[in-house]
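1. any chance you could fold what I've pasted below:
(chains A and B)
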Amino acid sequence: MTAVAAEYPRGAGASLKRNRRWALITSYFFLILFAIFFLTPPYYMIVTSLKSDAEVAHLATNPWIIANGVTFEQYRLLIQETDFLIYFKNTVIVTLCVVAITMVVSILAAFSLSRMRFWGSGLLATGIFLTYLVPDTLLFIPLFQIVRGLGLLNSYWSMVLVYPTLTVPFCTWIMIGYFQSIPKELDEAALIDGAGHMQMLLKIFIPVALPGIIAATIFAFTVSWAAFVYPIAFLFSADQQVLTVGTVTSLIKADVYKWGMLMAGALVAAAPPLVVYAFLMDYYIAGLTAGATKG
Amino acid sequence: MAEVALRNVVKRFDDVDAVRDISLNIPDNEFVVLVGPSGCGKSTTLRMIAGLEEATAGDILIGGQVVNDVPPKDRDIAMVFQNYALYPHMTVFENMSFGLRLRRIPKAEIRARVEQAAKILDITDLLGRRPKQLSGGQRQRVAMGRAIVRNPKVFLFDEPLSNLDAKLRVQMRTEIKRVHQQVKTTTIYVTHDQVEAMTLADRVVVMNGGRIEQIGRPHDLYHRPKTHFVAGFIGSPAMNFLPGRLRPNGDGLQLRLAEGLVFPVPATHSARYQPSVGKDLIFGLRPEHITEPRGEGRDPRCEFAVTLDVIEPMGMETMVFFKVNGTEVCARVEPSAATAPGQPMRLYANLNHMHLIDPATNLVL
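-> Okay, here's the model as predicted:
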């Protein structure tokens, strides 16, 4: 080993180390830059939500620090004086229903499209993806007619009906990719072992594709939690409103912005997705990259 | 336990005929190996027996019953796949017991059967592990275990050793043979490796181009191939082939292969080859029948001189390669007898083991 190492010029090793150092420095520089860029708005929100209305309105104070002491008054007002808890409850109901519907539909669709050979399955799979490409800003007009026809205008159940138009195509697409990465022999082994299609799906595919399913679940959750266009178009009264639109419409009155409560509301609204992401991020990344790495 | 039979089975994928009208009878407990090059239809045949592919025409019988329309789970078969196909989220115990649990076998019986199979395969210590914690050989044992616990009528193996390294492959080959001796069950084994086929099989089915070329015991296939393909496919290194022509030679015959390379045909063969005198033929002789001149009673007229091209020492013996009219020929000689590349060497062809093939029919005469 020593003799072999001695044959290489010393410069090669030094250059490699120098390259690595520069790569690290560049990486850290940009990572810190991005972290500052992305963490500034949440920091600003936290700081503002912990200030009193008087301090927020005072033009002479520094908006980046809390000068007159921390107060949770904005959170108390938000919960006690507004319909925030109703919006929160509505959003939770809508999101849970949408996630459940999306996962049932997209897992079944993806399983049949990726594993059961039938006429037109390839065309259907492409069609599903194409529907995802139509933006909700275009879809809400025809959907308005449908929702009205069903008598669901100004009911948060209309959200349970329309959000899956956004979530099902993408989740199905993710799941198709994931199911296709599962070796064909696994279902053949299950078939020979005595499993029917449903047992194969429940006992083999779903457990094996769990990272993909979690990725799809997070996507459906995020879309449903954060959707804005449909609730603003279809929901009018406070008791039916969801967080995104409800917070904005109740805390901005004409040109009067209740900044403290707005920030507190936005932070509380952002908490559930944050918790979901924090616990399931590894699965999310594994799920999204599965098709790319497993061929 | 059951016999398996194929009757005029055909499998067509769009315009491609993967399996062309094959018929085969596999008696109870027999170990049959389907062997052939890639795309010869051996795996498709196995998959049709398993029920993973539908036969386009013909009948597949297991235990005397036509099973063409019977789903795989009701055929009472177990299959071991090339990539093991173990369920990655289950432990070894769960993998092995999955089929039994689906069939609602009592828990105590499942445990007993899994433990017995694990004992046979020496994987008792691995029952709590997941597949990713196992080596290739251990995974293969688990895959076999999953098949054994089911106690099926027929075992199907689809190139089960192809993913293992050379040493482990030899080890697992012995293991499979040992398991078959213990668990007497009809076994159909697919491989492209003719050594695996020869060592494992009671009978070998050689397939080529979707057809069965020959069915026979390994010894018969090696020594009495019926077609040009089988003669060339079975045996490693492969049989040497050279164009030649038979000529009358007094009471007997002589074989002319090239200018100055004329051998007398042994008297025991003359009668059989008499009708082919004057025809263009293909002469076949295995490398072990071309050696340095040795032994008593050899015919000196079968000795000839060559210039060596390549020498491959194998330890116990040495392969020497030379050319006859541009065709490469291999001989197996004693290591001490081999000269060097570019050097002349005297060799002896033992024509008692010769084969002659009619190029028009590709049949061995």
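2. show me what from chain B comes close to chain A.
-> B:50-52, B:71-73, B:77-79, B:81-83, B:85-89, B:98-99, B:102-103, B:146, B:150 (CB under 8 Å from any CB of the partner chain). (C-beta placed from N, C-alpha, C; glycine too.)
3. next step: the residues you listed restricted to strands.
-> B:77-79 (DSSP state E).
4. make JSON lines out of these and add pLDDT and neighbour count.
-> Output for these, formatted as JSON lines (pLDDT from 0 to 100; neighbours: other CB atoms under 10 Å in any protein chain shown):
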{"residue": "B:77", "pLDDT": "90", "neighbour count": "24"}
{"residue": "B:78", "pLDDT": "90", "neighbour count": "25"}
{"residue": "B:79", "pLDDT": "90", "neighbour count": "29"}
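5. tell me the one of these nearest chain A?
-> residue B:79 (5.1 Å; CB to the nearest CB).
6. where along chain A do the strands fall?
-> Under DSSP E, chain A gives strands at A:252-253, A:256-257.
7. so which of those is nearest residue B:280?
-> Taking CB to CB, strand A:252-253 is the member of the strands of chain A nearest to residue B:280, at 97.8 Å.
8. how far does the closest one sit from its chain's centre?
-> Counting by CA atoms, centre = their mean, to the nearest Å, strand A:252-253 is centred 27 Å from the centre of its parent chain.
9. so for stretch B:314-322, what gets flagged as buried?
-> Across stretch B:314-322, burial judged by 16 or more other CB atoms under 10 Å in any protein chain shown covers B:317-322.
10. swap in stretch A:145-158?
-> Result for stretch A:145-158 [16+ other CB under 10 Å]: buried residues A:147, A:152, A:155-156, A:158.
11. with distance to chain B and pLDDT as extra columns, can I get the residues you listed in TSV?
-> Listed next are the buried residues of stretch A:145-158 as TSV, based on distance: CB to the nearest CB, whole Å; pLDDT from 0 to 100:
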residue	distance to chain B	pLDDT
A:147	41	92
A:152	40	91
A:155	41	92
A:156	37	91
A:158	38	93
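12. which ones among these lie within helices?
-> A:147, A:158 (DSSP state H).
13. which two of the buried residues of stretch A:145-158 have the greatest separation?
-> Pairwise distances across those peak at 11.5 Å for A:147 and A:156 (criterion: CB to CB).
14. grab the nearest non-local neighbour of residue B:365.
-> Nearest non-adjacent residue to residue B:365, counting by CB to CB, 6 or more residues apart in numbering or on different chains: residue B:356, 4.6 Å away.
15. surely the one you found forms part of a helix?
-> No - going by DSSP: H, G, I helix; E, B strand; the rest coil, the assignment for residue B:356 is strand, not a helix.
16. list the contacts of it.
-> Neighbouring residues of residue B:356 by CB atoms under 8 Å, 6 or more residues apart in numbering or on different chains: B:244, B:246, B:273, B:276, B:281-284, B:364-365.
17. what number of residues are in the vicinity of residue 225?
-> All of this refers to chain A. When neighbours are defined as other CB atoms under 10 Å in any protein chain shown, residue A:225 has 22 of them.
18. I was after chain B.
-> Close neighbours of residue B:225, defined as other CB under 10 Å, add up to 25.
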